[in-house]
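Colleague: Okay, sequence plus prediction incoming.
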Amino acid sequence: QVQLVESGGGLVQAGGSLRLSCAASGRFASIGAMGWYRQAPGKQRELVADITSGGTTNYVDSVKGRFTISRDNAENTVYLQMNSLKPEDTAVYYCNAKALVVVIAGYLEVWGQGTLVTVSS
């Protein structure tokens with residue numbers, strides 16, 4: 001019913017930048033909080049940043065000052081601008097969203113398929 005499609009991953013040298021995008025589509029009344037998670041090989045998935053529908057943001061300490069999350073509510077899209085990338089940022093990045101779905105009278109948590117970000121040293 002609700003899909004998240006990510007784009008923007010790739011290979012970049014340390015110190016470089018990438019911008020991830022994630023667009024929600026399908027049958028929903030609205031999108032609540034949206035966020036980006038990442039999972040590096042052999043590690044647990046962790047929250048990178050999230051943003052409420054009102055624009056309040058939250059970041060994991062390791063990306064503060066380097067990453068910026070933003071959203072376009074009209075397009076149901078969330079972005080992650082990643083600057084000053086480090087090799088330790090290498091991971092699969094997943095988009096997450098809470099979609100208000102009328103048929104279930106509640107929020108459905110949805111995940112994107114993941115996009116690989118590789119930072120070379």
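Modeller: Received the coordinates, thanks.
Colleague: Could you give the bridge partners of the residue nearest the centre of the chain?
Modeller: The residue lying closest to the centre of the chain (Cα atoms, centre = their mean) is residue 36, at 2.6 Å. Beta bridges link residue 36 to residue 49, residue 95 when assigned by DSSP bridges.
Colleague: Just to check, it is in contact with residue 19?
Modeller: No. Under the criterion of Cβ atoms under 8 Å, residue 36 makes no contact with residue 19, lying 11.5 Å away. Yep, even glycine has a C-beta here, placed from its N, CA and C like the rest.
Colleague: Pretty sure residue 100 is one of the things residue 107 touches, is it not?
Modeller: Yes. With contact defined as Cβ under 8 Å, residue 107 counts as touching residue 100 (5.6 Å).
Colleague: quick one: the helices in this structure?
Modeller: Under the criterion DSSP state H, the chain carries no helices.
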